[in-house]
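Enquirer: Okay, predicted coordinates and the sequence, questions at the end:
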Amino acid sequence: MRRKLVTSKKKKRSKSVDFETVKEQLEEVEEMVLQLVEVKSHWTRKIEVGPLQMDGKALLPEMEEIV
């Protein structure tokens with residue numbers, strides 16, 4: 001019975017450690033996902049503005065005002 005109690009305590013402790021590790025990893029992933037969403041929305045806005053030449057100037061004169 002004692003052996004069972006000790007084993008049970010060890011299992012609970014290891015589950016607690018696993019939970020904390022997983023929680024930290026989930027928080028890190030959440031932060032990375034939020035950063036990726038920001039980057040995606042930034043580039044989506046840039047693409048919606050219009051095509052640019054390599055020098056950064058708009059291909060169409062009317063797009064100069066937007067850029």
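Expert: Okay, I see it.
Enquirer: For burial, what's the neighbour tally of residue 39?
Expert: 10 (other Cβ atoms under 10 Å). All C-beta atoms are positioned from the backbone trio N, CA, C, and that covers glycine.
Enquirer: Same question for residue 37.
Expert: 10.
Enquirer: swap in the one 5 residues further on?
Expert: Using other Cβ under 10 Å, residue 42 has 10 other residues around it.
Enquirer: Show the average pLDDT along the helix or strand containing it.
Expert: Per DSSP states H and E: residue 42 is located in helix 2-49. Taken as a whole, helix 2-49 has a mean pLDDT of 83.
Enquirer: Return the list of helices and strands in contact with that helix.
Expert: Other helices and strands packing on helix 2-49, by 3 or more Cβ pairs under 8 Å, 6 or more residues apart in numbering; DSSP states H and E, are absent; none qualifies.
Enquirer: So residue 38 versus residue 17, what's the distance?
Expert: 32 Å (Cβ to Cβ, to the nearest Å).
Enquirer: and what of residue 41?
Expert: 37 Å.
Enquirer: repeat for residue 30
Expert: 21 Å.
Enquirer: got it, and residue 36?
Expert: Taking Cβ to Cβ as the measure, residue 36 and residue 17 are separated by 29 Å.
Enquirer: before we move on, what about residue 43?
Expert: 39 Å.
Enquirer: try residue 33
Expert: When residue 33 is compared with residue 17 (using Cβ to Cβ), they lie 25 Å apart.
Enquirer: How about residue 49?
Expert: 49 Å.
Enquirer: got it, and residue 45?
Expert: From residue 45 to residue 17 the distance is 43 Å (Cβ to Cβ).
Enquirer: go on, residue 42?
Expert: Computed as Cβ to Cβ, the residue 42 to residue 17 distance reads 38 Å.
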